[in-house]
Structures are given as C-alpha cells and as structure tokens.
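Q: Provide a 3D model corresponding to the input given below.
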Amino acid sequence: MSVQQVLNLGDDQTVNQFQIVFPAGIPGGGQDTNIALRMDQQFAPPAQTVNTYDIFHKGIKIPKTGTVTDTDKKFTIEVRLSQDGSIYKDLDNWKSKCYDFTNGTALPDLMARTTMLVQLTDTQENVVQTWTFTGVKIYELTPPTLDNATGDPARVTVGFLYADFQVA
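A: Here you go, the predicted model:
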C-alpha cells in the first residue's frame, strides 16, 4: 500500500461536521431552528440491531440472527437553554402534545410526531449525507441541574422515540 493510495481515499468525515434539522417544524409550533442551533453537544444515534438466538448442538453453541429488529428506537440530545425560557417552553409544549402530565391527555400519536434530519456536512458546509429519523416524538424532558460553581450554559436533556431510520 502506498501513501498515494491513502491520500486518494479522500477526506474523512469529522464528527463535528453535522447539523440537526426539523424540516416540518416541531409539533405545537415553536423555534425548531433555535432548538437545532442550541444543540451543541454530541449526538449518539442508536445502533441498528437484529435479534439473536442460540442453537445448541452436541455441546456447541451457534449464535444466529433472527428476523426481528432489536433496535432501541430512542436517542437523547442536550440543548442549551435560552435565558428568556423560550427553548424550554417550546420543548415542554411539544412534550405536552405527546402526553399532558396535568390532564392525562395526549394528541393522537401521528400529530405529536415529526421528522428529524441529521445532516453530515463537509468543510464547506455542503450536506454530504443525511440520516432521516421519522416518527420522532419527545418521551422525556429533563430540566437542567443548576450549579452555583460553574459559568457553563444550562442544558436540558431531551429523550426522543422514533419509528424509522434511513441513511441517504
């Protein structure tokens, strides 16, 4: 293998070149662009997995894959809060469309879900690959831990469920 062959592989995708987009907005309205811009921490998508089972024959264990998805269709992101409270209010409003803890009600599931894109970009900010999460809805909203000893921004943790994941 030569150095030229390695150089001919092209540029690597770096982990900090991505953006989150809600193309249809978020249920209940709100500042979906500001939420995406305030997401400045890591994004760890769940692994796509299939169920497994074991076959035993004469003392030998043979692992096999099944035909059922075993993916944990959940992910979390952390979002910096705005000082005026609008970001938390928008996320809380969306959460209340998924389930209203005060009244024990919820919108029909389809009305509480949206699409979220994770777009990988190159160094010129051109989108080079898109991960599409469909049927996204909030299932968990964790307020920030407040701390007198730090000047870091307050962040809220948002847990999402999704129906499907596609790479294009």
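
Q: following the longest strand seen in the chain, which helix or strand shows up next?
A: Identified as the longest strand of the chain according to DSSP state E is strand 127-142. Next along the chain after strand 127-142, taking DSSP states H and E as the criterion, comes strand 155-161.

Q: The helix or strand following that following strand pairs with which strands?
A: Next along the chain after strand 155-161, taking DSSP H and E as the criterion, comes strand 164-167. Within its sheet, and counting by DSSP bridges, strand 164-167 is paired with strand 127-142 (antiparallel).

Q: Any regions of the protein where pLDDT drops low?
A: The chain contains residues with pLDDT under 70 at 13.

Q: so where do the strands sit in it?
A: So, for the chain - with DSSP E - the strands run 18-21, 50-57, 60-69, 74-80, 114-121, 127-142, 155-161, 164-167.

Q: returning to what we had before: buried set for the longest strand of the chain?
A: Trp131, Thr132, Phe133, Gly135, Val136, Lys137, Ile138, Leu141 (16 or more other C-beta atoms under 10 Å). To be clear about C-beta, it is placed using only N, CA and C from the backbone, and glycine gets the same treatment.

Q: can you state the direction angle for the helix ranked longest in the chain and strand 114-121?
A: With secondary structure taken from DSSP state H, the chain has its longest helix at helix 86-98. Angle, helix 86-98 to strand 114-121, by axes from the mean of the first three to the mean of the last three C-alpha atoms, to 10 degrees: 130 degrees.
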